[in-house]
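Chemist: curious how this folds, go ahead:
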Amino acid sequence: MRWTVLCWLSVAVLLQGTAMGAGWTMVVGGQNPSTEVQVFQFYPKQITINAGDTLVFLWGSIAPAIVTVAPSIPATFAVDPATGRFAFSNSLITPSSSNIINDTNGFWTSGLVSPIPPAAMPTWNVTFTAVGTYTVWNALQTKISGTIVVQPTGSPYPTTQAAIDAATAALLVDQAKYWDYAKAYYKLDRTLPYSQPHPNGVNTIWSIWTAYGDFWNGYSIFRFFPDTIKINRGDVLVFNNADRDLHIVVLGDENTFPPLFTFDPTPPTMLYITGPYVVGVPGPYTGTGFVTSGLMVPSVAPGSTSYSWNVTMNAVGTFALQCPIHGPLGMVATITVT
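Modeler: Take a look at the predicted model:
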């Protein structure tokens, strides 16, 4: 599996050297060419620079990210007590007004960056002026963090950007092999569904994997397994979140699907997940509008109880299936009911 590394490696070379100091690049995430596999890591995980140097965070994936430099970060989402909405933390989605980082205990963020369509991968440039050790987070993947060590101006560097780029490219190749193994070992199949007889003796219960991922190592395959589903009227679809990430299942008439986010300029809530995608719209599905699971947390999350959702299909036709969060990354499918 070939990984998309050449484009940002060439950008990293171009960024070497700035007016204030040396230029360095830390890549945010990785992906395979079809974008189905997303890797949520910083490349490198630790980088050493000098005070006065500029660090460019360069998106290596089309997955949204919130890059934040801070000792710790607030919850990415929270229930707004005034409205009951499941909202983004305003301090995370709003970009910092300054790109000069001068305090190891400070807080700076890129804001919410979604690089779709990927005409050119976005960047966030910051300059470090204070010596110390900083932690960088992707606030949408809070298990993922990196370290930035800032030395006094003029200190010798332990490595070069070229060496970092070479190590990153090698690491991505290894991760590609891991996913080839994972697909084979877990028998992930885009066409073969898993099924069992329905208790009524007539219909079938079909199991659908809502993506697959490794919670601790930061990998996700953003696809439904299978992604072409052919069933009979009265059959039941059971969706299981086998990923490390939040997902939402929505199916039905695609023209009726609400937007994922709703914007409200009135403080304190700015951007929140549209109501049905939080609480769900239960089935059975009768052929009009849509039904949705609401938020499905990862099955591996401690105490998780909302990682599975089922719906009975009581309408004949061809219907859309998607995850509103990751649909732009290709997490879409089709359900045909006869």
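
Chemist: only C-alpha atoms for contact and neighbour calcs from this point on.
Modeler: OK.

Chemist: which parts of the stretch 101-250 of the chain are helices?
Modeler: Shown for the stretch 101-250 of the chain, the helices assigned by DSSP state H, counting those that start in this stretch span residues 161-185.

Chemist: at which residues are the strands of it located?
Modeler: Under the criterion DSSP state E, counting those that start in this stretch, strands of the stretch 101-250 of the chain are mapped to 108-109, 123-128, 132-138, 145-151, 194-197, 204-214, 219-225, 228-231, 236-242, 247-252.

Chemist: which parts of the third one are buried?
Modeler: By 16 or more other Cα atoms under 10 Å, the buried positions in strand 132-138 come out as 132, 134, 135, 136, 137, 138.

Chemist: next one: stretch 30-45
Modeler: For stretch 30-45, by 16+ other Cα under 10 Å, it's 30-32, 35-45.

Chemist: rewinding a little: output the strands of the stretch 101-250 of the chain in a markdown table, with distance to residue 86 and mean pLDDT appended to each entry.
Modeler: Converted to a markdown table, the strands of the stretch 101-250 of the chain look like this (distance: least, Cα to Cα, whole Å; pLDDT from 0 to 100):
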| stretch | distance to residue 86 | mean pLDDT |
| --- | --- | --- |
| strand 108-109 | 21 | 96 |
| strand 123-128 | 27 | 96 |
| strand 132-138 | 19 | 96 |
| strand 145-151 | 24 | 96 |
| strand 194-197 | 33 | 88 |
| strand 204-214 | 21 | 87 |
| strand 219-225 | 23 | 85 |
| strand 228-231 | 31 | 90 |
| strand 236-242 | 20 | 92 |
| strand 247-252 | 14 | 96 |
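
Chemist: mind checking which of these is nearest residue 69?
Modeler: When those are compared by Cα to Cα, strand 132-138 sits nearest residue 69, at 4.4 Å.

Chemist: neighbouring contacts of the closest one?
Modeler: Residues outside strand 132-138 that contact it (Cα atoms under 8 Å, 6 or more residues apart in numbering) are 65-73, 104, 144-151.

Chemist: mind redoing it with 7 Å?
Modeler: 65-71, 104, 144-151 (Cα atoms under 7 Å, 6 or more residues apart in numbering).

Chemist: can you lay out the strands of the stretch 101-250 of the chain as TSV showing distance to residue 87?
Modeler: Formatted as TSV, those follow (distance: least, Cα to Cα, whole Å):
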stretch	distance to residue 87
strand 108-109	17
strand 123-128	24
strand 132-138	17
strand 145-151	23
strand 194-197	35
strand 204-214	23
strand 219-225	23
strand 228-231	33
strand 236-242	22
strand 247-252	15
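
Chemist: let me know the secondary structure of the most centrally placed residue in the chain.
Modeler: Centroid check for the chain by Cα atoms, centre = their mean gives residue 63 as the closest residue, at 5.1 Å. Three-state call for residue 63 (DSSP: H, G, I helix; E, B strand; the rest coil): coil.

Chemist: number of residues surrounding residue 73?
Modeler: A count of nearby residues for residue 73, using other Cα atoms under 10 Å, gives 17.

Chemist: tally of neighbours for the residue lying closest to it once chain neighbours are set aside?
Modeler: Spatially, and ignoring its direct neighbours in sequence, residue 73 is nearest to residue 139 (7.2 Å; Cα to Cα, 6 or more residues apart in numbering). Counted with other Cα under 10 Å, the neighbours of residue 139 add up to 25.
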